[in-house]
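>>> Sequence unavailable; structure follows:
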């Protein structure tokens, strides 16, 4: 537990205030930018905006989560950090769990906050905003897990960042389907399904990402 | 310092299609130091990684009693952080060691971001991390790279001190280095 907290503190420090703070700021700015551009693109038709706005926020959130992928794992692989941690008997599973939690903490709360002004920009009402927020709360842990998983898998590969983005999109489709689905009438169960899929991702990511790190070491 | 031992038996290492070395064995007990010599690309770093348990050998086995401290070309310190903070992360993991930064010539650099340090200064910071770890088995991969003559003397003195305390030091270097006992193997003798 002590090791976990030390790792979490380092990762959070880097993602929020340090070298890699772009990993926090970029997704939120991107998210707001999409919400701002959308009414310009489809026109000021309030009913259309209100009907589609929630879904657009979901797409924006998903794509925003892809942006920081190349900063999540790759730099530490190059630094030799994972080797040094392994020599101290700290498992890759623990390292990746800390990374996943730090990644979620660094972008999800900011995204949930940004959803409030974004909802005004796309003109959705308070009830819909609440559903979007609940859905994002359920879905962002899954997005964070997926981000760490794919970042670990593609770290050290040539063009890994672009490949990572392509890999995340199909894997995130269930989150989008259930999450955005919760916005339609009678779709409340969607949030539970989003949370369930998030849980699956959060559960497998530490192990899968750890295996990826170990296999990158053998090369 | 705890009892330590490092032994390897009949090691062979393959990288890609190339067999780098084979039939390599070594046996080190506490207090001993060994230099691994050899030209660039002959497999010194791979041997170090195999001995550290970070790479699987093609055949053979490695036995270690005691934890391993690894010093290679990557200092594992965040380039954007000031040196003091970057080392602080390892101090929190390893416990407050008594690594004397002044002895390493680093005391004036604690506020300097790691990326602005010179090659030799980075090597010294990696040495500070290694000292703080207090691992009985040292695996040093080209520890003299980028160091000036005082730095070289410093590494030699640290190894002497480490072995005197009962530790093991295995140093892979193509440069001459004075180690206690003066044992050395040449990887060229084990090439396929």
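Sure thing, it's come through. Since this is a predicted model, take the numbers as computed values, not measurements.
>>> Next, the contact list for the residue positioned nearest the centre of chain B, please.
Nearest to the mean C-alpha position of chain B, by C-alpha atoms, centre = their mean, lies residue B:140 at 1.6 Å. Residues near residue B:140 by C-beta atoms under 8 Å, 6 or more residues apart in numbering or on different chains: B:48, B:71, B:130, B:155, B:159, B:169-173. Heads up, the C-betas are built off the backbone N, CA and C, glycines and all.
>>> That one belongs to a helix?
No: using DSSP: H, G, I helix; E, B strand; the rest coil, the secondary structure at residue B:140 is strand, not a helix.
>>> Just the buried residues of stretch B:162-179, please?
Buried residues in stretch B:162-179, counted by 16 or more other C-beta atoms under 10 Å in any protein chain shown: B:162-163, B:166-173, B:177, B:179.
>>> chain center to stretch B:39-53, what's the gap?
In terms of C-alpha atoms, centre = their mean, to the nearest Å, the centre of stretch B:39-53 is found 11 Å from the chain centre.
>>> That stretch - what's its average pLDDT?
Stretch B:39-53 shows an average pLDDT of 90 in the prediction.
>>> quick one: buried residues of the longest helix belonging to chain A?
Counting by DSSP state H, the longest helix found in chain A is helix A:92-122. For helix A:92-122, burial by neighbour count (16+ other C-beta under 10 Å) applies to A:92-108, A:110-112, A:114-115, A:118-119, A:121-122.
>>> starting at the chain centroid, how far to it?
Relative to its parent chain, helix A:92-122 has a centroid offset of 6 Å by C-alpha atoms, centre = their mean.
>>> Restricted to helices, list the buried residues of stretch B:162-179.
Within the buried residues of stretch B:162-179, residues falling in helices by DSSP H are B:162-163.
>>> Would you format the buried residues of stretch B:162-179 as CSV with pLDDT included?
What follows is the buried residues of stretch B:162-179, written out as CSV (pLDDT from 0 to 100):
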residue, pLDDT
B:162, 92
B:163, 93
B:166, 91
B:167, 91
B:168, 93
B:169, 93
B:170, 94
B:171, 93
B:172, 93
B:173, 90
B:177, 88
B:179, 87
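>>> how close does the residue nearest to the centre of chain B get to chain A?
In this view, residue B:140 and chain A are 13 Å apart by C-beta to the nearest C-beta, to the nearest Å.
>>> For chain B, which segments count as helices?
In chain B, the segments counted as helices under DSSP H are B:44-52, B:83-94, B:119-133, B:149-164.
>>> As TSV, the ones you listed with distance to residue A:140 would be great.
As requested, the helices of chain B are exported to TSV (distance: least, C-beta to C-beta, whole Å):
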stretch	distance to residue A:140
helix B:44-52	37
helix B:83-94	27
helix B:119-133	35
helix B:149-164	48
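>>> do you know which of those helices lies nearest chain A?
The minimum distance between chain A and the helices of chain B falls on helix B:83-94, with 4.8 Å, by C-beta to the nearest C-beta.
>>> and for the closest one, what are the contacting residues?
Counting by C-beta under 8 Å, 6+ apart, A:3, A:6, A:10, A:84-85, A:88, A:90, B:76-78, B:97, B:106, B:109-114, B:117, B:125, B:128-129, B:132-134 sit against helix B:83-94.
>>> let's see it at 7 Å
Helix B:83-94 is contacted by residues A:3, A:6, A:10, A:88, B:77-78, B:97, B:106, B:109-112, B:114, B:117, B:125, B:128-129, B:132-134 when judged by C-beta atoms under 7 Å, 6 or more residues apart in numbering or on different chains.
>>> just how off-centre is that helix within its chain?
Offset of helix B:83-94 from its chain centre (C-alpha atoms, centre = their mean): 19 Å.
>>> returning to what we had before: just tell me which of the helices of chain B ends up closest to residue B:16.
Closest to residue B:16 of those is helix B:44-52 (C-beta to C-beta; 11.1 Å).
>>> Next up, the contacts around residue 31.
Using chain A here. By C-beta under 7 Å, 6+ apart, the contact set of residue A:31 is A:60-61, A:64, A:111, A:114, A:118.
>>> I was thinking of chain B, sorry if that wasn't clear
The contact partners of residue B:31, taken as C-beta under 7 Å, 6+ apart, are B:163, B:166.
>>> Apply 8 Å and report the result again.
Neighbouring residues of residue B:31 by C-beta under 8 Å, 6+ apart: B:163-164, B:166-168.
>>> swap in residue B:76?
Counted by C-beta under 8 Å, 6+ apart, residue B:76 has contacts A:79-81, A:83-84, B:90, B:126, B:129.
>>> Help me confirm that residue A:97 comes into contact with residue A:207.
No: between residue A:97 and residue A:207 there is no contact under C-beta atoms under 8 Å: 9.6 Å.
>>> one step back: for the residue nearest to the centre of chain B, give its distance to residue B:64.
Separation of residue B:140 from residue B:64 (C-beta to C-beta, to the nearest Å) stands at 16 Å.
>>> ditto for residue B:37
With the distance defined as C-beta to C-beta, residue B:37 ends up 22 Å from residue B:64.
>>> Can you tell me the closest non-neighbouring residue to residue A:216?
Using C-beta to C-beta, 6 or more residues apart in numbering or on different chains and skipping residues adjacent in sequence, the residue nearest residue A:216 is residue A:156, 4.8 Å away.
>>> And for residue A:187?
residue A:181 (4.9 Å).
>>> Around that neighbour, count how many other residues there are.
Neighbour count for residue A:181, taken as other C-beta atoms under 10 Å in any protein chain shown: 19.
>>> pretty sure it contacts residue A:191?
No: under the criterion of C-beta under 8 Å, residue A:181 is not in contact with residue A:191, lying 9.2 Å apart.
>>> hey, where'd the strands end up in chain B?
Applying DSSP state E to chain B gives strands spanning B:5-15, B:18-29, B:33-37, B:59-65, B:68-71, B:137-141, B:168-172, B:183-186.
>>> just to revisit the earlier point, farthest-apart pair in the contacts of residue B:31, please.
Spanning the widest gap among the contacts of residue B:31 are B:164 and B:168, at 12.1 Å by C-beta to C-beta.
>>> Give the residue spans of chain A that score low on pLDDT.
By pLDDT under 70, the weakly predicted segments of chain A are A:18-19, A:22, A:219.
>>> Helices along that one, start to end?
Under DSSP H, chain A gives helices at A:2-16, A:22-42, A:46-66, A:69-72, A:74-79, A:81-87, A:92-122, A:126-154, A:160-181, A:189-217.
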